[in-house]
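[1] Just need the structure, nothing else, for what follows:
(chains A and B)
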Amino acid sequence: MSSAPTRESPSPLKREYHPLPAFLSYLVPGLGQISQGRVGKGLLFFVCVLTLFYYGMVLGKWSNVYLPDSAGENNPWKLPRLLANLYNRPQFAAQFFVGIAAWPAVIQYATYDKNSEAGPFFGDYQRVPYESRSGDKGETKISGDVTDPQKRTEFREKAKLESNKALSDWRGKTINELQQEGDKSWDLGWVFTVIAGALNIMVIYDAFAGPAFVVNPPAEQES
Amino acid sequence: MPAPLLALHYYWHLPFLIVLVSLVYGATRYDQWGLILRESFRWGVRLTGFLFAVILILFLVATIT
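    Here you go, the predicted structure:
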């Protein structure tokens, strides 16, 4: 029969918390565990979380991680701007937790210019994709082969194109085109990226407080 | 008539998801590799069963209606 714990015996519930490794694991999945000496486990987290995230991005044709500035168009609860944007794109609330890998979307959001076709630092990577193409419903079409970004921006400004409309000759694919031309794997893609972000929350907690179950080796248990 | 279940190729992405999710989940439970792999395997089986049940129900609903 096991004896009752004495006052001196350490509580089995006592845990130590490590905020710095937790932050490192937020930045790069598994980095916190590596800094704690749990290298194998850290590498496992790194590979699994980021593979899932980028696999999801590939399935989504690299256009499913972004945060739109759409509070002006839809804000039924009168929320602060950032919260309203997250309300309109809740996927990003989970994708954000994958760490640095999702920061280009934050930078694109912070530097967003609705008339420009690309962000200043990352081009159209993790930038809000266009929903449809101008000219679909009789809007002004750009004529000629205009490749100069400045001229294209001016044209968009003059034509007063909505922020979610691409110019008729835009080289990328709009969301409508991706959904019409592809199968459901485009939708599966953002699910993968969201799951990757949610999994990294568990990874962050593992770095912060250790694994859920601590199993001591037999020699330690006897002493 | 719905397409045969495994002909829908987006289902083929799911094993990948199951393996990665199970491994990460298992590794957040324990620090020892033996226990991590055992827990991951258990979660893999549970997730596979759950997803198969969902797929089967959706397939039956699509076939009947």
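
[2] who's in contact with stretch A:106-123?
    Stretch A:106-123 is contacted by residues A:66-69, A:85, A:96, A:104, A:124-128, A:149, A:152-153, A:156-157, A:161, A:163, A:166-167, A:170 when judged by Cβ atoms under 8 Å, 6 or more residues apart in numbering or on different chains. (Each C-beta comes from the backbone N, C-alpha and C, glycine too.)

[3] For it, list every residue counted as buried.
    Using 16 or more other Cβ atoms under 10 Å in any protein chain shown as the test for burial, stretch A:106-123 gives A:I107, A:Q108, A:Y109, A:Y112, A:S116, A:E117, A:A118, A:G119.

[4] need those in CSV with pLDDT and secondary structure, can you?
    Shown next, in CSV, are the buried residues of stretch A:106-123 (pLDDT from 0 to 100; DSSP: H, G, I helix; E, B strand; the rest coil):
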residue, pLDDT, secondary structure
A:I107, 97, helix
A:Q108, 96, helix
A:Y109, 95, helix
A:Y112, 92, coil
A:S116, 90, coil
A:E117, 90, coil
A:A118, 90, coil
A:G119, 92, strand
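
[5] could you point out the longest helix in the chain?
    Answering for chain A, as no chain was given. Ranked by residue count and defined by DSSP state H, the top helix of chain A is helix A:185-209.

[6] Wait, chain B was what I had in mind.
    helix B:33-64.

[7] Just give me the residue closest to the centre of chain A.
    A:Q95 (2.8 Å; Cα atoms, centre = their mean).

[8] Please apply the same query to chain B.
    Mean-position check on chain B, Cα atoms, centre = their mean. Result B:T48 at 3.1 Å.

[9] what pLDDT does that residue get?
    Looking at B:T48, its pLDDT is 95.

[10] what residues does chain A put near chain B?
    A:38, A:40-41, A:44-45, A:48-49, A:51-52, A:55, A:59, A:183-185, A:188, A:192, A:195, A:199, A:202-203, A:205-206, A:210-215 (Cβ under 8 Å from any Cβ of the partner chain).

[11] 6 Å instead, please
    A:41, A:44, A:48, A:52, A:183-185, A:188, A:199, A:202, A:206, A:211-213 (Cβ under 6 Å from any Cβ of the partner chain).

[12] Can you convert those residues into CSV and add a column each for neighbour count?
    As requested, the residues of chain A next to chain B are exported to CSV (neighbours: other Cβ atoms under 10 Å in any protein chain shown):
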residue, neighbour count
A:K41, 24
A:L44, 23
A:C48, 24
A:L52, 26
A:D183, 11
A:K184, 13
A:S185, 19
A:L188, 19
A:L199, 25
A:M202, 18
A:D206, 27
A:P211, 20
A:A212, 13
A:F213, 12
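
[13] Out of those residues, which two sit at the greatest distance?
    A:D183 and A:F213 (40.6 Å; Cβ to Cβ).

[14] neighbouring contacts of stretch A:193-202?
    A:29, A:49, A:52-53, A:56, A:65, A:91, A:94-95, A:97-98, B:24, B:28 (Cβ atoms under 6 Å, 6 or more residues apart in numbering or on different chains).

[15] Adding pLDDT and secondary structure, write those out as a markdown table.
    Listed next are the contacts of stretch A:193-202 as a markdown table, based on pLDDT from 0 to 100; three-state DSSP:
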| residue | pLDDT | secondary structure |
| --- | --- | --- |
| A:P29 | 98 | coil |
| A:V49 | 98 | helix |
| A:L52 | 97 | helix |
| A:F53 | 98 | helix |
| A:G56 | 96 | helix |
| A:V65 | 96 | coil |
| A:Q91 | 96 | helix |
| A:A94 | 97 | helix |
| A:Q95 | 97 | helix |
| A:F97 | 98 | helix |
| A:V98 | 98 | helix |
| B:V24 | 97 | helix |
| B:T28 | 95 | helix |
